[in-house]
Structures are given as structure tokens and as C-alpha cells.
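**Student:** the sequence isn't on hand, but the structure is:
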């Protein structure tokens, strides 16, 4: 979906009138601060002191919030609340958000407004406290709800059903009456998001997750199970054929699947570098699917919009997030897709070019007219900086914990280490200054360092660079003393592949996240700078003036190349993604930088997810690789 179509679709959504009927819940966040705790005189037990509290719309209320933030013109809420303080807060929040609450029915007896109480200590959620688990819907409330919805239907393009609670709105009698209503309004789009009763609605558009789809297909699995893509696709098709309507199956970080009545389409997940929180992503997805289909989008377009919107939501931590049009455009204009996660995480699925170590990802490699090639430097050609992760990780952990580094409890220490490792793994190939910008954000997030002592990205970069350059300088000194030679400091066959490509007339570029002057000096010291003839790029200190994306786009524009004429060789996700997006050939180099040959399985996984067309462990089979990619030389 190009930007123009995405903008048009969002504009069409802004003209829709949509209703949500379902389980309206409140999310209550109570943030504990142990420093305010005291011993209760009545019980003798320590109290939980709440420093801050805030309330948000959950369940069907969050679907309403998502529709409003998506820009839908008119959103109506149909549900039941209790005659209690939480019900009044629910109505206030809905009205304040801009929703029409004329369809909100109050039931005084046998109904507590559903509330998810979420106590937090630091960034860890304690056991949830739930209200409304024993509700009983009255016949009078049912009658009133249906009367109000029937009166509103002539003005609506779409109705979304939310079933969140086991003992909530959707008792069997209620579902039966609703199915009868659907049959009487064939011109209205009905979209159902039901946690455990979706199959009872029939002849509606269904939004399910993998676990719900498996249950409907009578193949129930445990809640944390990750289904193979092929199985999720099969479930979507089978359910769609039963209902005669489109079906959408969400897969968390692996994207979502849409069955349009004839064909199964897969939208891959989108890479997220920062901390993520999946709460509310399903509500975002169903809102985007329903509103866009009401506006005329195809199921494939609706799935794509939902994928973009959910990616926005999961990046909003400790809140039930939503996605606004400008945020969706920010993701959807240039998404970083995660490709082939099943293959990436299961090396048993690997297929190789016969009699080689060249792993083929989706399609067999066929000769192309490659005229230009971009190489990453560190880990792809040079191992002068081998071990940079082992330098960056402790440096980042110390920065985050600051003065508490030696005294932090074990849980906090390991939480910080886990976050740092995850970020380093995902951000390999980014400019160091961007990694340090994220470090500064992480330091603020954990709150162990006083604000006045938090450095900017350049300050943290200096600490990291100083430590890393000690390692680099010691290796260069050994090279100059002939204690090491070029083969000891490069990936097996790397210099050879550069020479072979150059002889075949391929124009070579070096693009690194390392500072440009350092890249030039290191390539010169290792003896291959001349093969790039000055086309060596690296960080300049200003992220607006240099990135691997800028390099790739510049090559294509300057030489008026088709994307298919460009190849990339790299051990980091960034360069592979940028070339893949533009139709180029992406060769992932999953190098073991310690041995300088052989496969690093962690690299293999992240390079496949970045869109590699093939994976090589090193360049020891460079002649075969180039014959496959370029064809045999004349």
C-alpha cells in the first residue's frame, strides 16, 4: 500500500459512522510506591501506597477509543454498566472521548461495572483485581439495548461486536437475538471480535487470534502456543468457508492473516526496536479492520491497515493504546517487516543450493544483472571490531543502573540486562549514535540515574567508542607488527569476493554504522579500500545526513538503477532491509566473527527476518555464490 492509497483510506474512514456493542470495561492503573507504605493499625499488615492512579477504557471501551483516535466521524457505544462509581467514570470517559453514549444502559441490580484493576510496582504488574466476574444480564437490559441499537442502525455503516467477558453481555439469548438482527440488516457490515463464542454468531466478519481460531477448528492449543503460519492460514480458510465471510486471524508479533473468501493473504509482522506491550492491540486491529472495510477497503487492505495500527499501539507501554492517522502513516509509509519467522527460528527448515553452504530462503537464486553492490563492514568483511557487543552490553547496563549498579537487586539487574541484550540484537547495523539515543531513553525509563546526571547520546557514544577503540587499536598494532595478517582480521574469503566482483565490473560501496573516518582508516589498513574507489560511507554524527537508507537511495537515484540491479552483502538487518524494500538482492552474511568462518545461528535468524534472499556463513564459496547470482562469467 503506497502512501497515497493509505492517506485516501484514512480519509474515507473519517466519514464513517460505527457502533460498538459489547463488554465495556475500565482499566484501572494503580502505581505503588513502597516508600509511602505504613503498617495498618487495624490489621498490623503493611499497606500498598498508591503514588498515582489513572483510568482508561478497556474491552469494548477501548475499541471505541481506537475508532475515535482513528478518525471515525461518529462512534456510538452500546453496553451495560453498573449503578456504581466505575460506571459513572466509564460514561464520563466515553463522553469526554467524543463517543455517543445514548446506547449505554445502566443495570442497578446484579451488575458491577467490569473493571480490571492493575497494580504496578515499578514496571512490574502485580496480581490483577477484577470487578464484574459475577454479573447477570437482565432481560430488561437486553430489551433496552436492542431497542436503542435498532433505532440507530439506519444511520450506521458498521457494527462491531466485542465479547471480552465469560460472564458479560453475550449470554446465549443475547447472541440469538443479535444473529436475528444481523439477518434483517444485510446492508450493514457486522464485525465480531469474540474471545470464546465467535462460532455462535455466524455470517459475520470475524476477527480472531490464533488460539481462538484453533479452538473453533476443534484443535485447541495452550494460550502461549505459537502456531506455524501454514496452520493459521488453514484455520482462516476453513472458518471463512464455514461463515461465507472474510476472516482475520491475528498472530501477535508475526502479523496477521486475512481470508477474503477465495484466497489467504499474509501480512508479516513489523519490527519493533523498543519495549512493547501487546495490551489492546487486538482492539486496535478490529477497529481498523471494521472501519476500513466499511469505507470500502478490500480485506487485504484492511489487514494491512490493522497491521500498521497495531504496531503503533504495542509501542505504548503501561497503557491501553490507540493509533492515530499520523502515527499509522509513520509506520505504514516505510514498514520494517519481519520475514519468515518460522524458518528463522527453526534451522531444520533450511534449504541449500546443492553441494554448498548457501541457504536459499524463499526462492532459488537465479542470475541477475547486478551492476552495483553495497557491503556492510564490521562482521561482513572486517573483524577488527569483533566483540563490540561484549563492550556495548556492560557499558549500557552500567549507564542504566548508574549509582545503583552495585546495589540493585537481582531482579532489576537481570531486567536491565535482558532489555539491553534484546535491543543490541535488534539494532545491529544502526549507527552507534542512534543506539546511544535509545540508551539515553532507557536510562530515563528505569529511573536509577538522577536527571541531571543523564548524558546525551554523544556523551554515551564517547564512553562506548573509547572502550571499543582500545580493542581496535591493539589489533591494528599487531597487524602493523606482522603478528597478525589480513586473513586474521577479515571474514574468510571477504577480500576475494570484493576482488571478484570488481573484476566483473560491479561497482562496490562500503556502508557502515561506524564513524566514516574510522571505516576509511580500517579498510585502508586491511588493504581493500582501493576496491571501493572512495565510495566508503560511515556515520557523520548527524543522523539526518547519513544512514544506510540514504546511501542506498542515493546509489539508485544517481545511477538511475532498477532495484534489481543492486545487491547487498551484510551481517546486519538494516542494510538488508533497505535493499530488500527497493527490490534488490539481499545476501545475509551470518558470520562467526571469532572463528572468521562458519555459521552464527543468531545472525542467521535475524538476517532471515530482515528479508535476506540467501544466507552464507562466509565467502569461502564466493566463486560459486557469484556464479549463482551473476551467472557464469563469459
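**Tutor:** Received the coordinates, thanks. None of the values given here were measured: they were computed from a predicted structure.

**Student:** so, low pLDDT: which residues of the protein?
**Tutor:** Scanning the chain for pLDDT under 70 picks out the ranges 318-320, 634.

**Student:** in the longest helix seen in it, what's buried?
**Tutor:** Scanning the chain for the helix with the most residues, using DSSP state H, yields helix 457-480. Using 16 or more other C-beta atoms under 10 Å as the test for burial, helix 457-480 gives 457, 460, 461, 463, 464, 465, 468, 471, 472, 475, 476, 479. For the C-beta atoms, the positions are set from N, CA and C on the backbone; glycine is no exception.

**Student:** leaving out chain neighbours, which residue sits closest to the second one?
**Tutor:** By the measure of C-beta to C-beta, 6 or more residues apart in numbering, the closest residue to residue 460 outside its immediate chain neighbours is residue 436, 4.2 Å from it.

**Student:** what number of residues lie near the one you found?
**Tutor:** Close neighbours of residue 436, defined as other C-beta atoms under 10 Å, add up to 26.

**Student:** measure it to residue 389 for me?
**Tutor:** Shown here: residue 436 relative to residue 389, a distance of 15 Å by C-beta to C-beta, to the nearest Å.

**Student:** show me what contacts residue 254?
**Tutor:** 226, 229, 268, 269, 338, 341 (C-beta atoms under 8 Å, 6 or more residues apart in numbering).

**Student:** revised request: answer the last question for residue 155.
**Tutor:** For residue 155, the contacting residues are 17, 74, by C-beta under 8 Å, 6+ apart.

**Student:** then the one 4 residues further on?
**Tutor:** Counting by C-beta under 8 Å, 6+ apart, residue 159 touches 18, 19, 20, 21, 149, 153, 188, 189, 190, 191.

**Student:** at 10 Å instead, please
**Tutor:** 18-21, 76, 78, 149, 152-153, 178, 181-182, 185, 188-192, 204, 290, 294 (C-beta atoms under 10 Å, 6 or more residues apart in numbering).

**Student:** in strands only, show me those.
**Tutor:** Judged by DSSP state E, strands contain the following of those: 18, 19, 20, 21, 76, 78, 189, 190, 191, 192.

**Student:** wait, which of those is closest to residue 583?
**Tutor:** residue 191 (34.9 Å; C-beta to C-beta).

**Student:** re earlier: in the strand or helix carrying the residue nearest to residue 460, what counts as buried?
**Tutor:** Assessed by DSSP states H and E, residue 436 sits inside helix 432-446. Under the neighbour-count criterion of 16+ other C-beta under 10 Å, helix 432-446 has 432, 433, 434, 435, 436, 437, 438, 439, 440, 442, 443, 446 buried.

**Student:** format those residues as JSON lines; extra columns: distance to residue 350.
**Tutor:** What follows is the buried residues of helix 432-446, written out as JSON lines (distance: C-beta to C-beta, whole Å):
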{"residue": "432", "distance to residue 350": "32"}
{"residue": "433", "distance to residue 350": "35"}
{"residue": "434", "distance to residue 350": "32"}
{"residue": "435", "distance to residue 350": "30"}
{"residue": "436", "distance to residue 350": "35"}
{"residue": "437", "distance to residue 350": "36"}
{"residue": "438", "distance to residue 350": "32"}
{"residue": "439", "distance to residue 350": "35"}
{"residue": "440", "distance to residue 350": "39"}
{"residue": "442", "distance to residue 350": "35"}
{"residue": "443", "distance to residue 350": "39"}
{"residue": "446", "distance to residue 350": "39"}
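
**Student:** any of the contacts of residue 254 buried? List them.
**Tutor:** For the contacts of residue 254, buried by 16+ other C-beta under 10 Å: 229, 268, 269, 338, 341.

**Student:** farthest-apart pair in these, please.
**Tutor:** Applying C-beta to C-beta across those, the maximum distance is between 229 and 338, 11.8 Å.

**Student:** where do the contact lists of those two overlap?
**Tutor:** 254, 255, 268.
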